[in-house]
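Enquirer: Sequence and predicted structure are below.
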Amino acid sequence: MNNIKYIIINKFKIISLLSISMVLSIVLLMIRMKLNQSYYLLFLVWNLFLAIIPFAITTGLMSTKKPNKLLLFFFFGIWLLFLPNAPYLVTDLLHLTRTNQTYLWLDILVIMSFAFNGLILFYLSLSDMEKLLKSHLKPKLLTPLMLSIFGLTAFGIYLGRFLRHNSWEIINNPLTIFTDSFNIIFQPNIEAWIFTTTFASFLAISYWMLKAFSNSKM
């Protein structure tokens with residue numbers, strides 16, 4: 001009951017706007033499918049669903065009255081596992097190379113709409129997790145942890161986009177993920193390092209910019 005009360009009081013506006021934005025994305029996709037007579041890009045709906053999971057986890061934790069450290073760090077691990085799925089939607093822009101040129105503008109709008117929702121879900125979820133961690137960690141530990149989250153998120157996106165790994169493979173196929181990660185880290189893989197560094201920088205800078213904007217008085 002307290003969880004529902006928290007969501008209604010503190011998250012109603014955000015969740016309402018997010019819902020409207022996500023419905024718009026799906027409507028745009030339906031228009032695209034009708035005009036092109038094709039179900040291509042329908043996978044964006046599944047990707048968006050995966051992007052909602054980390055936001056749902058942090059919303060649930062925020063609605064829990066003072067979650068203890070053990071509970072927080074247990075869900076932190078699950079949250080971190082699914083977090084890359086949110087900004088992963090940005091990389092779906094790569095599919096523009098295979099779309100119908102007749103309605104290229106519509107494909108750009110559709111994918112950008114889903115990517116925008118993914119980024120917003122990422123930033124909102126990360127902001128909530130940062131608040132939760134502040135109550136259990138010393139300030140000098142929080143900044144390195146946040147930087148690590150950006151790096152691990154970008155690395156997770158690389159594993160998903162280019163090596164086609166999924167979040168749940170850490171449970172049913174961990175050896176392959178650890179092997180691929182080990183090879184990337186300890187063997188020369190310039191593309192992986194550049195992607196991880198640049199994407200992590202993009203996520204970090206944009207997150208801190210949004211935090212600065214939200215804290216400034218307009």
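Expert: Structure received.
Enquirer: average pLDDT for stretch 195-204?
Expert: The average pLDDT within stretch 195-204 is 98.
Enquirer: now swap in stretch 108-116 and tell me
Expert: For stretch 108-116, mean pLDDT is 97.
Enquirer: Render the CA-only coordinates of that stretch in CSV, please.
Expert: Written as CSV, here are the backbone C-alpha positions of stretch 108-116 (Å, rounded to 0.1, in the frame of the first residue of the first chain):
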residue,chain,number,x,y,z
ILE,A,108,14.5,8.3,-38.0
LEU,A,109,11.6,9.7,-36.0
VAL,A,110,10.5,6.3,-34.8
ILE,A,111,13.9,5.1,-33.7
MET,A,112,14.8,8.5,-32.2
SER,A,113,11.5,8.4,-30.2
PHE,A,114,12.3,5.0,-28.7
ALA,A,115,16.0,6.1,-28.1
PHE,A,116,14.8,9.2,-26.3
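Enquirer: chain center to that stretch, what's the gap?
Expert: 14 Å (C-alpha atoms, centre = their mean, to the nearest Å).
Enquirer: what does it rub up against?
Expert: 21, 24-25, 28-29, 32, 41, 44, 47-48, 89-90, 92-93, 95-96 (C-beta atoms under 8 Å, 6 or more residues apart in numbering). For glycine as for every other residue, the C-beta is placed from the backbone atoms N, C-alpha and C.
Enquirer: swap in stretch 170-178?
Expert: 81, 159, 165, 169.
Enquirer: same thing with stretch 20-39?
Expert: The contact list for stretch 20-39 (C-beta under 8 Å, 6+ apart) reads 40-42, 44-45, 48, 100, 102-103, 106-107, 109-110, 113-114, 116-117, 120.
Enquirer: Next, name the residue at the spatial heart of the protein.
Expert: Geometric centre of the chain, nearest residue: residue 86, 1.9 Å, by C-alpha atoms, centre = their mean.
Enquirer: For it, give me the pLDDT.
Expert: 97.
Enquirer: Low-confidence ranges, this structure, go.
Expert: Scanning the chain for pLDDT under 70 picks out the ranges 1-9, 216-218.
Enquirer: Kindly provide the distance from the residue of it positioned farthest from its centre to residue 131.
Expert: Taking C-alpha atoms, centre = their mean, the residue of the chain most remote from its mean C-alpha position is residue 102, at 30.4 Å. Noted for residue 102: a distance of 46 Å to residue 131, by C-beta to C-beta, to the nearest Å.
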